[in-house]
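S.K.: predicted model and sequence below, questions to follow.
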Protein chains: 2
Amino acid sequence: MTGRVVVAGLGPGAEALVTPEVRAALDEASDVIGYIPYVARVADRPGLVKHASDNRVELDRARHALELAGQGRRVVVVSSGDPGVFAMASALFEAVEAGPPAWRDQRIEVLPGITAMLAAAARAGAPLGHDFCAINLSDNLKPWALIEKRLRLAVEADFAMALYNPRSKARPEGFVRALDLLREACKDARPVIFARAVSTSEETLRVVPLPECRPEMADMRTVVLVGSSRTRVIAREGAPYVFTPRSA
Amino acid sequence: MTGRVVVAGLGPGAEALVTPEVRAALDEASDVIGYIPYVARVADRPGLVKHASDNRVELDRARHALELAGQGRRVVVVSSGDPGVFAMASALFEAVEAGPPAWRDQRIEVLPGITAMLAAAARAGAPLGHDFCAINLSDNLKPWALIEKRLRLAVEADFAMALYNPRSKARPEGFVRALDLLREACKDARPVIFARAVSTSEETLRVVPLPECRPEMADMRTVVLVGSSRTRVIAREGAPYVFTPRSA
């Protein structure tokens, strides 16, 4: 039996957003590894071993997956969204690079998924409809100064932006500073979308002009989409549509 | 019968990357509208009317979809990849904004899909594993100077980059200039991934150090991923893994 590691994206939450490719990989897995709430999304069945771990142990989890595959297990490492966007795929390759040479020849596959910003954008209209960037606001692994530099340059480039991990209990201050920076650099009332738990039963979506944005509008389950200077809002009964024109 | 417009992402090519949500929308459609090769991906069945049109008529296509929905049809506008990333969703909302007021109350839904950069990144490892941007290199609808400005600022921000529509027969020169700019601004040998037709039978993937990149490595079916200054290559038998560490 040849082991393997598959790093699979479960999408933002709804089963209807899990690709058939990921579904097939889960059906064939002997072991599923990941952060507790993501592993909980995989149904139990005879022969499937689940290894759920807490947040912030990504490298340990990656090494565990590679060790199990080395023993011939068919391991699926589950991520929310897309595994390549602020998720487990990078941690896995960090472990491969630092690990024993045999890990380089281990069979590894990354299976893409619907990442949070695309699910959120679809709900709002097409706010990422032209050039955009994605920035992780967590400073657990990089200095805050780098985040601020990227936010400033993103405004100067007039990108629409997707801000991941905007705010957590352990990091309440960063998003306060990010919003202050954006208000000062943008100097306009461009729309900001607070999209929480999109495609789950707890989904909420708010469209707020930048000057009226408040830090507490985001939490750790929120992705924040910031329009470019050209992003448009179409008022209508019900939630407005937000889109960035193709010429922006 | 209430009409509606669904803008659906078919993913990069493989059926295994079409979400169940999009599959269900296609099964319920009365009309499918889109660019010829995308409409060709939808199977014929009794009761389904297909409207295939050529490239560069996105606004006409959007208006057609809205008119049909106004007549009570269940219309699916198909895009490759994700409809909100350099695809049909923005064109649809441009048409809504400029069209009759009734179109604002039309039922419209955007269904996300696996966009080309995420499929390509998954094949290569995790090159978009930290902050990144997506830039459309087509200057059909925006000035080339804006593209160059964004490329320069993206290098300064040290984003990994996904470059969409790098080169077509009608625009052979832009990608030459983009590569020259990147070589000059980056001053290093960071990895560049040329991913063509990912997940189809014609898929090719090349990892090339920036100084060795040549314009003819890309065509209109290629997405180009450019590493950040921190992106790593893991050499091994077979194709190397490329990833951007989480601390980048």
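M.R.: Thanks, I have the structure now. Numbers count the residues shown, from 1 in each chain, chains lettered A, B, ... in the order given.
S.K.: going forward, measure contacts and count neighbours with C-alpha atoms only.
M.R.: OK.
S.K.: contact partners for the residue of chain A found nearest chain B?
M.R.: Relative to chain B, the nearest point of chain A is A:C133 (3.8 Å; CA to the nearest CA). Residues in contact with A:C133 (CA atoms under 8 Å, 6 or more residues apart in numbering or on different chains) are A:A154, A:F159, A:A160, A:M161, A:A162, B:D131, B:F132, B:C133, B:A134.
S.K.: what secondary structure does it sit in?
M.R.: strand (DSSP: H, G, I helix; E, B strand; the rest coil).
S.K.: so how do I select the buried members of the contacts of A:C133 in PyMOL?
M.R.: Command for PyMOL that selects the buried part of the contacts of A:C133, burial taken from 16 or more other CA atoms under 10 Å in any protein chain shown:
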select buried, (chain A and resi 154+159+160+161+162) or (chain B and resi 131+132+133+134)
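S.K.: for the contacts of A:C133, which one is nearest A:G13?
M.R.: When the contacts of A:C133 are ranked by distance to A:G13 (CA to CA), A:A162 comes first, at 18.1 Å.
S.K.: given the strand or helix carrying that closest one, what are its sheet partners and their directions?
M.R.: According to DSSP states H and E, A:A162 maps onto strand A:160-164. Counting by DSSP bridges, the strands paired with strand A:160-164 are strand A:132-136 (parallel), strand A:222-226 (antiparallel).
S.K.: deepest-packed of the ones you listed, please.
M.R.: strand A:222-226 (a mean of 27; mean count of other CA atoms under 10 Å in any protein chain shown).
S.K.: past that one, which element shows up next along the chain?
M.R.: strand A:232-234.
S.K.: for that next one, packing partners?
M.R.: On a contact count with 3 or more CA pairs under 8 Å, 6 or more residues apart in numbering or on different chains; DSSP states H and E, strand A:232-234 meets strand A:241-243.
S.K.: so which bits of the strand it packs on are buried?
M.R.: Buried residues in strand A:241-243 (16+ other CA under 10 Å): A:Y241, A:V242, A:F243.
S.K.: what's it in contact with?
M.R.: Taking CA under 8 Å, 6+ apart as the rule, strand A:241-243 contacts A:124-129, A:191, A:231-235, B:90, B:93.
S.K.: adding pLDDT, neighbour count and distance to B:L59, write the residues you listed out as CSV.
M.R.: What follows is the contacts of strand A:241-243, written out as CSV (pLDDT from 0 to 100; neighbours: other CA atoms under 10 Å in any protein chain shown; distance: CA to CA, whole Å):
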residue, pLDDT, neighbour count, distance to B:L59
A:A124, 98, 25, 20
A:G125, 98, 26, 16
A:A126, 98, 31, 15
A:P127, 98, 36, 17
A:L128, 98, 34, 18
A:G129, 96, 28, 14
A:P191, 98, 26, 24
A:T231, 98, 21, 18
A:R232, 98, 21, 17
A:V233, 98, 20, 18
A:I234, 97, 15, 17
A:A235, 95, 12, 20
B:S90, 98, 28, 9
B:F93, 98, 27, 9
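S.K.: ok so, going back, would you turn the strands paired with strand A:160-164 into CSV with distance to A:K169 and mean pLDDT?
M.R.: Below are those laid out as CSV (distance: least, CA to CA, whole Å; pLDDT from 0 to 100):
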stretch, distance to A:K169, mean pLDDT
strand A:132-136, 16, 98
strand A:222-226, 13, 98
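S.K.: looking at these, which is closest to B:L179?
M.R.: That would be strand A:132-136 among the strands paired with strand A:160-164, by CA to CA, at 19.7 Å.
S.K.: can you read off the pLDDT for A:M1?
M.R.: In this model, A:M1 is scored at 54, pLDDT.
S.K.: can you pull out the helices in chain A?
M.R.: For chain A, the helices defined by DSSP state H cover A:20-28, A:36-39, A:58-70, A:88-98, A:116-124, A:144-157, A:174-186.
S.K.: ranking those helices by burial, who's on top?
M.R.: helix A:116-124 comes out most buried of those by mean count of other CA under 10 Å, with a mean of 27.
S.K.: who are the packing partners of that one?
M.R.: strand A:222-226, strand A:241-243, strand B:108-111.
S.K.: how many degrees apart are the strand holding A:A162 and helix A:116-124 in direction?
M.R.: Per axes from the mean of the first three to the mean of the last three CA atoms, to 10 degrees, the angle that strand A:160-164 makes with helix A:116-124 is 120 degrees.
S.K.: run the angle between strand A:160-164 and helix A:174-186 for me.
M.R.: Using the same axes, to 10 degrees: strand A:160-164 against helix A:174-186 is 170 degrees.
S.K.: from the chain's centre, how far out does strand A:160-164 sit?
M.R.: Per CA atoms, centre = their mean, to the nearest Å, the displacement of strand A:160-164 from the mean C-alpha position of its chain is 10 Å.
S.K.: as PDB, could you dump the C-alpha coordinates of it?
M.R.: Taking C-alpha atoms only, strand A:160-164 is exported to PDB below (Å, rounded to 0.1, in the frame of the first residue of the first chain):
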ATOM      1  CA  ALA A 160      -9.800  45.800  -4.300                       C
ATOM      2  CA  MET A 161      -8.800  43.900  -1.200                       C
ATOM      3  CA  ALA A 162      -9.800  40.700   0.600                       C
ATOM      4  CA  LEU A 163      -8.700  40.900   4.300                       C
ATOM      5  CA  TYR A 164      -8.400  37.400   5.900                       C
END
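S.K.: hmm, who's touching it?
M.R.: By CA under 8 Å, 6+ apart, strand A:160-164 touches A:86, A:117, A:127-128, A:130-138, A:154, A:222-228, A:231.
S.K.: before we move on, back to that, any chance of the helices and strands packed on helix A:116-124 in CSV, with distance to A:D180 too?
M.R.: What follows is those, written out as CSV (distance: least, CA to CA, whole Å):
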stretch, distance to A:D180
strand A:222-226, 13
strand A:241-243, 22
strand B:108-111, 31
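S.K.: about what we covered before: what bridges to the residue of chain A closest to chain B?
M.R.: A:M161, B:C133.
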